[in-house]
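**Student:** Prediction below, plus the sequence it came from.
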Amino acid sequence: MRVVVQRVREARVMVGEEMVGNIEQGLLVFAGIGKNDTQSDIDYIVNKVIGLRIFPDDDGKFNLSLKEIEGGILVVSQFTLWGDCRKGRRPSFAKAAPVSEAEEIYGKLVERFKSEGLKVATGQFQAMMDVHLINDGPVTLLLDSEKLF
């Protein structure tokens, strides 16, 4: 599983004219589900994301986690994180999970975040979405459950 984590002041997802998910201060997590992702990948990502100390303390240092600031998390599926652009000009998505598998794993990821007592919002799986955010910092991090980066 690959995720892009962005610290945000606020974020929301629109599908057409409908807002399907929104948060105030917290984390926007774009999640790409790979072919071989399992519960252990979900657990790794959730534990890493909620434990990241990327919010400032009173001295302005990265010292607080999402739970400590009582922030929200907006989880948006994004299979394009598995786009391999090393050959040619058209990305290959051969390592992305098939839609039915990806939707199931994505659902489990969201539920796992909820089980941590977080305020969780989502995008809409497999929809064309407009994601609006105010990146705080900006702070943007990449995580991979296989620890490739």
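**Tutor:** Arrived safely, thanks for sending.
**Student:** List the buried residues in the longest helix along the chain.
**Tutor:** Counting by DSSP state H, the longest helix found in the chain is helix 99-115. The neighbour-count check on helix 99-115 (16 or more other CB atoms under 10 Å) flags 102, 105-106, 108-110, 112-113 as buried. C-beta here means a position set from N, CA and C on the backbone, and glycine is covered the same way.
**Student:** cool, stretch 125-132 as well?
**Tutor:** 129, 131.
**Student:** for stretch 139-149, same thing?
**Tutor:** Buried residues in stretch 139-149, defined by neighbour count with 16+ other CB under 10 Å: 139, 143-145.
**Student:** Name the residues that touch that stretch?
**Tutor:** 1-7, 37, 40-41, 44-45, 48-49, 52, 54 (CB atoms under 8 Å, 6 or more residues apart in numbering).
**Student:** and that stretch, how far out from the chain's middle?
**Tutor:** 11 Å (CA atoms, centre = their mean, to the nearest Å).
**Student:** Give me the distance between the two termini of that stretch.
**Tutor:** 17 Å (CA to CA, to the nearest Å).
**Student:** roughly how far apart are the residue nearest the centre of the chain and F55?
**Tutor:** In the chain, the C-alpha nearest the mean C-alpha coordinate belongs to V29, at 1.9 Å (CA atoms, centre = their mean). Using CB to CB, to the nearest Å, V29 is found at 15 Å from F55.
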